[in-house]
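Novice: Got a sequence here, can you build the structure:
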Amino acid sequence: QVQLAESGGGLVQAGDSLRLSCAASGRTAGDYGMGWFRQATGKKREFVAAIKWDGITANYLPSLNGRFTIARGNAKNTMFLQMNSLKPEDTAVYYCAASGYYYGDDYGRYSYWGQGIQVTVSS
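Specialist: Numbers count the residues shown, from 1 in each chain. Predicted structure coming up:
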């Protein structure tokens, strides 16, 4: 079992930056592929970014155009999402997820999920 807990959300203005954190605990949490998804009100859950267990290889939602960066901590059981140049359309509940070795955009392949954290970007 892996437990995930997000932190760092909040209310910001358009153009601001925000850094989300995800702390993973449990057996071999550091060996898992991890990702971020988001869900805006009335919309489907959307892939944002994911990173391989090695902390090097990452995938991103193409439309982000480099505004977000995913990273893992040195101990590999933490994950971060640096969000720059935030836009109102980035407003959503952001979820941390972990899989076995998968680090792609299919949310069905992630076995563990955090509770989610609200990010609101005002215009």
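Novice: Would you mind finding the longest strand in this structure?
Specialist: Scanning the chain for the strand with the most residues, using DSSP state E, yields strand 18-26.
Novice: Note down every partner strand of it and its orientation.
Specialist: Strand 18-26 sits in its sheet next to strand 2-7 (antiparallel), strand 78-83 (antiparallel), going by DSSP bridges.
Novice: buried ones in the last one?
Specialist: Of the residues in strand 78-83, those buried by neighbour count under the rule 16 or more other CB atoms under 10 Å are 78-81, 83. (Each C-beta comes from the backbone N, C-alpha and C, glycine too.)
Novice: again with the first one
Specialist: Neighbour counts using 16+ other CB under 10 Å place 2, 4, 6 of strand 2-7 among the buried residues.
Novice: Please name the bridge partners of Met83.
Specialist: Beta-bridge pairing for Met83 (DSSP bridges): Leu18, Phe68.
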